[in-house]
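1. Structure for the following, please:
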Amino acid sequence: MRKLRSIQCILNATHGIVSGRKDFFEAAFGKNIDEFLKIAMMPEEYIINRRKHENNGAYDWGKLYNKLSEIQINQFKEIVSNKKVLESDIKISTSIKMKKFLSHYIEAERIYQIRRAKKRELVQYIKDNQQVI
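-> The predicted model follows:
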């Protein structure tokens, strides 16, 4: 389920269009299966707005992801496979590295909710201030 949702996020970011050019395709989906799987595990906000987050959250997330052990990656996959990461997932984790890693999902969701609320406010403002012709 997670990989399917990640593909939807990639296509959302590209507005459903992925160029046939190799460099554009690789930027969207990764250069190989390992890169794609890494992208697919990113917080949705980082996938959709990768360029915006490439020098902050997504970069830090990637560094932490690369440091996870195979056991930690499997634990992580169990957590995110069918649901969003919750604060309780972070609290029960015994590894500081895993807590930092999982906190990216909470932060990314917070960023998404703020962006979504601003968009709703803008839409409402436009509706309230439209002049009837």
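
2. in stretch 3-11, what counts as buried?
-> Residues of stretch 3-11 classed as buried: 6-7, 9-10 (neighbour count, 16 or more other CB atoms under 10 Å). The way it works is simple: take the backbone N, C-alpha and C, and place the C-beta from them, glycine included.

3. Check the model's average confidence along it for me.
-> Summarised as a single mean, pLDDT over stretch 3-11 is 76.

4. before we move on, the earlier item: between the buried residues of stretch 3-11, which is nearest Leu68?
-> Nearest to Leu68, judged by CB to CB, of these is Ser6 at 17.7 Å.

5. Assess the claim that that closest one and Ile39 are in contact.
-> Yes: proximity of Ser6 to Ile39 meets the contact threshold set by CB atoms under 8 Å, at 6.7 Å.

6. any shared contact partners between these two?
-> Between them, Ser6 and Ile39 share these contacting residues under CB atoms under 8 Å, 6 or more residues apart in numbering: Ile47.

7. list the helices and strands the helix or strand where Phe76 lies packs on?
-> Element membership for Phe76 (DSSP states H and E) is helix 70-80. Applying 3 or more CB pairs under 8 Å, 6 or more residues apart in numbering; DSSP states H and E, one finds that helix 70-80 contacts helix 33-41, helix 96-128.

8. From the buried residues of stretch 3-11, pick the one nearest His53.
-> Taking CB to CB as the measure, Cys9 is the one of those closest to His53, at 12.6 Å.

9. For the closest one, give its distance to Phe76.
-> Separation of Cys9 from Phe76 (CB to CB, to the nearest Å): 18 Å.

10. now swap in Lys99 and tell me
-> Distance from Lys99 to Phe76, by CB to CB: 12 Å.

11. And for the nearest residue to Ile10 once chain neighbours are set aside, the neighbour number?
-> Computed as CB to CB, 6 or more residues apart in numbering, the closest residue to Ile10 that is not its neighbour in sequence is Ala28, at 5.3 Å. For Ala28, the neighbour count with other CB atoms under 10 Å is 19.

12. Below-threshold pLDDT in the protein: ranges please.
-> 1-2, 14-18, 82, 131-133 (pLDDT under 70).
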